[in-house]
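# Sequence isn't available, so here's the structure alone:
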C-alpha cells in the first residue's frame, strides 16, 4: 500500500463529509480500494498518520462542522441562500414603491408594452395583435396576464412573485453547482446570485428577465442530471425548458445547437440508438415548447416565424456598418421600441415596393446587413467583434429601459456592497482556468458559457440581455474562489497563475468602454414628473438632460410638449424648432409645430 502524503491526508479529512469515496479517489489519483484501506488505517491512528503539527485555531470549529451530515449542510445552504435572496429583493421592492420608477414607463418601452399586452389578453385577445406582438417575446406577456388575472392589475404582487422566482433561481444555481462540482461551489454561486445587484433591479420591472433566468437555469439543471444518469427524461425536460426560455429570450435558440453537440459528444460511447434517443428527446422538448407560438404566428400572418420576427432588425443594429456593439440609433429607425418595429416594417416594405410577411421583413434586414458589409468591406467587423467581446466581459452595465446606475441614486439598497459583474467576471476567468483539469465533468458549463456569449456577440450587448449568462459565470466564479485557497497548499504554480489571471481579468473587465451620462434617464424622469403635475421639477430634469447632451433631441421635444400643454405656445414653438434643428426627421415634433403654427 502506497504511503499518503501529509497534504493528501489533510485533503481526505477536509472533504470526507463533502465528497463521495469515488470522487476522493479521482481527486487523489488513487484506486478506490486503496483509498478505503487508507481510511481504515486513518480511523485507527489518525494522530500518527497526520504527524505532529501545530494545532489549527479553527480545528475545533472544523471538527464540529465535520460532524454535521451532508443533508443538514444542504438544508442550511438552501435556507441561507433563499432567505438572503428574498430579503434583499423584498427590501428593494419596498424602497422602489416610493419612487417614480414603480410603475412601467409609459413611453412605448418593453415594460409598458408587456403591461398593455397582458391587459389585452385578459380582455379576450388571446392571440394578440398580429402587427406588434409577433415582434415581441410572448412568454412574459402571458405570464403577466395570469398574475393580473389572480391579483388584479396591481404591480406589487407581480414584483413579489418575481422576487420569489428570483430566489428560486438562486436555489437552482446552488443545485447545479452541487451536482457538477460540490456543495461549497453551489453555495457560493447561490449567494453570488442572491446578492447580485442587477438581479434586484430587474425584479421590480415588468420584463421577462427574472422568469427567463429561472427557466434557463432549470434547463441547465436537467442537463446536469442527464450527465449524471444518462436518461432521456431529464434531457427531454431540458429541451422543454430551453424552448420555454427562448419564448422569453430568443437567443436561447442559438444556444440550443451547442447543447445538442454536447449531448452527442457525451453520448458518443453509447449505442447509436441510445444517442439518437437522447438527441430526439431534447429536440422534441424544444419543439413542444415552441409549437403554440409557431401556430399562433401562422394563424395571424400565414407565415412561419419560430418565435419573433425582430431578429433581422436586431442583427442589422448589431452588425451593419456603424455598429458599436450595443443598441444604437439607426437612420430611419425609431429609437422607441414600439415605433422601432413599425418604422423597420415601413422601410422594408417601401424598398420592396409591396407588403411583406414578417419573415421577409426580418430577411430584408439581414440582407441589408450583408449589403453593408459588401459595400464597406468586412474590415470593420474585426474591431466590432472584439469590442462586443470586451463589452460582454466588461463590468459596465449597458443601459436598456432605464439605467441601473441612475436607479442607484434613488434606491438605497442598490448602494449596498452587493455583488456585481466586476466581481463575477474576474473570478469566472480564474474558475475557467482552475476547472480545466475537470473539463470533462464541467463540460456543460463550458459549452453554456460559450453559447451564451456568442449568442449575444452575434447581435449586441446590453446589461439586460447579459443577465442570462451570469448564472453559469457565477458557478465558474464560485469554483475560482473556492479553488484558489487550496491551490496555495497543493500546487503553488497553479496558485500563482490564478493570481495573475485574477489581476489581468480585473484590469480587463474594468477598462472604461462606456460610461453612464444619464441624459435619457433625466429625460424619462422629466416625463414622469410632468404626468404627476410637478412641472418645475420636470423642467429641471429636461434641462439636466440638455446640459449633458445638447444634441439629444428628446428633451427639447418634451419641453415643447410641456410648454404647449401649460399654455405657453411661443416657448413650445421654440423648443419644437430646436428639436427639428437637431433632428430634421423627428416627425412628432414637425406635427406639433405645424399644429401650433396653424392656429396663428
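Structure's in. What do you need? These numbers come from a predicted model, not from an experiment.

# what about the residue nearest in space to the middle of the chain, which SS state?
Nearest residue to the geometric centre of the chain (CA atoms, centre = their mean): residue 467, 1.6 Å. Secondary structure assignment for residue 467 (DSSP: H, G, I helix; E, B strand; the rest coil): helix.

# how close does it sit to residue 225?
24 Å (CB to CB, to the nearest Å). Placement of C-beta: from N, CA and C, glycine included.

# circling back to that earlier point, what residues does the residue nearest to the centre of the chain make contact with?
198-199, 202, 209, 213 (CB atoms under 8 Å, 6 or more residues apart in numbering).

# do you know how far it is from residue 256?
19 Å.

# One more: residue 387?
26 Å.

# What does residue 157 show for phi and psi?
phi -60, psi -40 (degrees, to the nearest 10).

# Neighbours of it, how many?
Neighbourhood size, residue 157 [other CB atoms under 10 Å]: 13.

# ok, it touching residue 149?
No. Taking CB atoms under 8 Å as the definition, residue 157 is not a contact partner of residue 149, at 11.3 Å.

# what's the longest helix anywhere in the chain packed up against?
Taking DSSP state H as the criterion, the chain has its longest helix at helix 272-301. Counting contacts by 3 or more CB pairs under 8 Å, 6 or more residues apart in numbering; DSSP states H and E, helix 272-301 packs against helix 232-246, helix 252-266.

# Now do the last one: distance to the chain's middle.
Going by CA atoms, centre = their mean, to the nearest Å, the spacing between the C-alpha centre of helix 252-266 and its chain's C-alpha centre is 19 Å.

# List the buried residues in it.
Of the residues in helix 252-266, 252-256, 258-260, 262-263, 266 count as buried by neighbour count, 16 or more other CB atoms under 10 Å.

# Which one of those residues is nearest to residue 374?
residue 254 (23.8 Å; CB to CB).

# Look up how far residue 382 lies from the closest one.
Taking CB to CB, one finds residue 254 at 21 Å from residue 382.

# count of residues packed around residue 530?
Residue 530 has 21 nearby residues by other CB under 10 Å.

# And residue 320, by the same measure?
There are 20 residues near residue 320, going by other CB under 10 Å.

# Stretch 474-485: which residues count as buried?
474-484.

# actually stretch 377-385, not the one I typed
Result for stretch 377-385 [16+ other CB under 10 Å]: buried residues 380, 384.

# And for stretch 586-600?
Those would be 586, 589, 592-593, 596, for stretch 586-600 by 16+ other CB under 10 Å.

# would you turn these into CSV with secondary structure and distance to residue 441?
As requested, the buried residues of stretch 586-600 are exported to CSV (DSSP: H, G, I helix; E, B strand; the rest coil; distance: CB to CB, whole Å):
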residue, secondary structure, distance to residue 441
586, coil, 56
589, helix, 60
592, helix, 63
593, helix, 66
596, helix, 69
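
# Just put those in TSV and tack on distance to residue 432 and pLDDT.
Shown next, in TSV, are these (distance: CB to CB, whole Å; pLDDT from 0 to 100):
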residue	distance to residue 432	pLDDT
586	47	82
589	50	89
592	54	90
593	56	90
596	60	87
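
# just the helices in the stretch 351-500 of the chain please.
358-376, 381-393, 404-408, 421-434, 443-457, 463-466, 470-490, 492-509 (DSSP state H, counting those that start in this stretch).

# Figure out which of the ones you listed is closest to residue 541.
In terms of CB to CB, the element of the helices of the stretch 351-500 of the chain nearest to residue 541 is helix 404-408, at 11.2 Å.
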